[in-house]
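# 3D model of this:
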Amino acid sequence: MDVTIGGAADYNAAATRGAWHSICDPTLQFAHPELVKLLALWRANAGDEGIPLRRVMSARLLRSLVRDIAIYERVATAGGGRRYRVRLIGTGFAHIVGDLTGRFIDEAIGTDFVARWHGALDATLGANAPLRFVGREDTNNMIFLTGEFLSAPLAADDGQVNLVLGSARYSGKRPWPEVEAETRDRLGLD
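Down below sits the predicted model:
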């Protein structure tokens with residue numbers, strides 16, 4: 001089982017080691033207005049605990065954004081590890097990565113990408129806060145697409161923080177090396 005990642009710095013170190021085409025940017029400086037809107041909704045519904053309950057972040061609340069949203073659930077394994085199940089995936093997101101609803105990440109995507117997906121979800125739950133990611137879409141050989149992602153923790157009905165709300169916006173306008181160099185420079189990485 002791969003190592004659990006605890007936050008943005010851990011993710012970026014793992015991304016460098018693993019040659020992942022992805023960077024975690026904890027500044028939350030989103031370019032896409034829909035991701036800015038989703039972050040504002042997340043913050044407005046965070047409540048006293050600082051993390052919204054899943055039932056509060058309902059399809060009704062998210063109706064204008066739901067086609068590009070996914071919700072993942074961390075599930076503990078008998079050996080002390082974890083797996084992630086896709087609880088919901090919107091049609092826009094599914095168009096890019098496939099309809100993964102109800103499936104475990106480690107069974108639904110290529111083994112070369114499981115550590116990267118787990119890493120992003122781990123980092124979000126480890127940070128206990130929203131994170132911004134940028135990356136190249138490698139999962140379905142759509143390497144011409146780069147994406148900006150919001151990943152934010154959610155609490156289950158029992159209060160356990162084991163869910164991640166994700167949303168993505170993809171573009172084919174800028175190649176990954178350009179996006180990567182700009183992001184690394186802005187964050188002072190390398």
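# need the next SSE after the helix or strand containing residue 133, C-terminal direction.
Using DSSP states H and E, residue 133 falls within strand 131-136. Next helix or strand after strand 131-136 toward the C-terminus (DSSP H and E): strand 146-155.
# tabulate the CA atom coordinates of that following strand in CSV.
Taking C-alpha atoms only, strand 146-155 is exported to CSV below (Å, rounded to 0.1, in the frame of the first residue of the first chain):
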residue,chain,number,x,y,z
THR,A,146,-4.6,20.5,-18.3
GLY,A,147,-6.9,21.0,-15.4
GLU,A,148,-7.5,23.1,-12.4
PHE,A,149,-9.1,21.2,-9.5
LEU,A,150,-10.7,22.1,-6.2
SER,A,151,-10.6,19.4,-3.6
ALA,A,152,-12.3,20.0,-0.2
PRO,A,153,-13.1,17.8,2.8
LEU,A,154,-16.6,17.0,3.8
ALA,A,155,-17.9,15.4,7.0
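# which other helices and strands contact it?
In terms of contacts (3 or more Cβ pairs under 8 Å, 6 or more residues apart in numbering; DSSP states H and E), strand 146-155 is packed against helix 33-44, helix 111-127, strand 131-136, strand 161-171. The way it works is simple: take the backbone N, C-alpha and C, and place the C-beta from them, glycine included.
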